[in-house]
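A.B. asks: using only what follows, build the 3D model:
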Amino acid sequence: MNEKEILLIKRSQKGDVDAFEELISDNTRFVYNIALKMLKNKEDAEDISQEALIKVYKNIDSFNMASSFKTWMYRIVVNTCLDHMRKNKVTVLSIDKPIITEHNEFQVEIEDKSFSPEELFEKKENQKLIIHALNQLDDSFKAAIILRDINDFSYEEIADILTCNLGTVKSRISRGRQKLREIIEKDETINLYGIKKII
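C.D. replies: Below you'll find the model as predicted:
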């Protein structure tokens, strides 16, 4: 952090609204882009980014300069998105793009327009069932998998966002993927739709 930013933070912590507005002026687009990346919906991203900035203002007293202000704000934005997803049972997975697993990893495949209507329907139904399986995971595993496999954050970024060490992040992702695989394998409805063919 530079001296100007530190000064603005200190003034903001004393209740100076003008200082806070100047502090976040260069970061509002950054905050919105994070929300959009996670929620995949412009209206939700606008609402949640505003909610996150309000949280930043209300909690700026707790910022202790131990990390960069941007990193601290980044954590609040992502956690606000995760809270929104949890409360509203929102998923960031588009039902128009089938999910596959390869070597126990998730990736999003671009839709092939040459599929027949029947094939597209089956793929969409399969994905809905995978989303259902994902929503059965504990929040800690679900958050780590969404951040890593869906939103492509680095392990280091996830550790910072979830305020845990790198080893914990890797463990949660590994265990979460395994639990997801177990849910899919045990679910008779998923097996009926042939999910195993695409994992």
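A.B. asks: which SSE is Val31 in?
C.D. replies: The secondary structure element spanning Val31 is helix 28-39 (assigned by DSSP states H and E).
A.B. asks: so for that helix, mean pLDDT?
C.D. replies: Averaged over helix 28-39, pLDDT sits at 85.
A.B. asks: which helix or strand lies directly C-terminal to that helix?
C.D. replies: Scanning forward in sequence from helix 28-39 by DSSP H and E, the next helix or strand is helix 42-59.
A.B. asks: from the chain's centre, how far out does that next one sit?
C.D. replies: Relative to the centre of its chain, helix 42-59 is centred 15 Å away, using CA atoms, centre = their mean, to the nearest Å.
A.B. asks: just the angle for that helix relative to helix 28-39, thanks.
C.D. replies: Computed by axes from the mean of the first three to the mean of the last three CA atoms, to 10 degrees, the angle separating helix 42-59 from helix 28-39 equals 120 degrees.
A.B. asks: for the helix or strand following helix 42-59, packing partners?
C.D. replies: Past helix 42-59, heading to the C-terminal end, the next element that is a helix or strand (DSSP H and E) is helix 69-88. Of the remaining helices and strands, those touching helix 69-88 by 3 or more CB pairs under 8 Å, 6 or more residues apart in numbering; DSSP states H and E are helix 28-39, helix 42-59, helix 139-145, helix 155-161. C-beta coordinates here come from the backbone N, C-alpha and C atoms, glycine included.
A.B. asks: in helix 69-88, what's buried?
C.D. replies: Neighbour counts over helix 69-88 (16 or more other CB atoms under 10 Å) mark 69, 72-82, 84-85 as buried.
A.B. asks: state the mean pLDDT of it.
C.D. replies: For helix 69-88, mean pLDDT rounds to 85.
A.B. asks: pass me the low-pLDDT residue ranges in this protein, would you?
C.D. replies: Counting by pLDDT under 70, the chain shows low-confidence ranges at 89-128, 130-131, 151, 187-199.
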